[in-house]
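Peer 1: One predicted model, sequence on top.
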Amino acid sequence: QAQLVQSGGGLVQSGGSLTLSCTASGLSLRDYAVAWFRQAPGKGREAVSAISDEDDKTFYTDSVKGRFTVSRDSAKNTVYLQMNALKPEDTAVYYCNADRGYAPVYWGQGTQVTVSS
């Protein structure tokens, strides 16, 4: 059964760093664009970052540019989100998403990131 499994996350002080991992089984992430979303309490799900399938082109929402880095390790079938200079407003549940333009689309289970001030 194809699935995405997330790891990383946790509690960190403002200014700290965390790395989230999104590892696939039963599918090759190389064939998918992978995006990271987050959802803070009482808010909608927001696209944070993405990496394309064909040429690893990256996207970042304005609020994380210069602080977050998305990368892909095809040998490990994993996509990472390196988060530096974290702020309390980055607190959210983070989800990875794998999409190749047609069904099925895969979601990770979500991981909590909490940044204390």
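Peer 2: Here it is on my side, so go on. Residues are numbered from 1 along each chain as shown.

Peer 1: where do the strands sit along this structure?
Peer 2: Along the chain, the stretches classed as strands by DSSP state E are 3-7, 10-13, 18-25, 33-39, 45-51, 58-60, 68-73, 78-83, 92-99, 106-107, 111-116.

Peer 1: Tabulate those in JSON lines, adding columns for mean pLDDT and mean neighbour count.
Peer 2: Where you see a C-beta, it was placed from the backbone N, CA and C, and this is true even at glycine. Below are the strands of the chain laid out as JSON lines (pLDDT from 0 to 100; neighbours: other Cβ atoms under 10 Å):
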{"stretch": "strand 3-7", "mean pLDDT": "98", "mean neighbour count": "17"}
{"stretch": "strand 10-13", "mean pLDDT": "98", "mean neighbour count": "12"}
{"stretch": "strand 18-25", "mean pLDDT": "98", "mean neighbour count": "20"}
{"stretch": "strand 33-39", "mean pLDDT": "98", "mean neighbour count": "22"}
{"stretch": "strand 45-51", "mean pLDDT": "98", "mean neighbour count": "18"}
{"stretch": "strand 58-60", "mean pLDDT": "98", "mean neighbour count": "15"}
{"stretch": "strand 68-73", "mean pLDDT": "98", "mean neighbour count": "18"}
{"stretch": "strand 78-83", "mean pLDDT": "98", "mean neighbour count": "23"}
{"stretch": "strand 92-99", "mean pLDDT": "98", "mean neighbour count": "22"}
{"stretch": "strand 106-107", "mean pLDDT": "98", "mean neighbour count": "18"}
{"stretch": "strand 111-116", "mean pLDDT": "98", "mean neighbour count": "16"}
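
Peer 1: Can you tell me who the residue positioned nearest the centre of the chain pairs with across the strands?
Peer 2: Note on the chain: the residue nearest the mean C-alpha position is residue 36, at 3.2 Å, using Cα atoms, centre = their mean. Beta bridges link residue 36 to residue 49, residue 96 when assigned by DSSP bridges.
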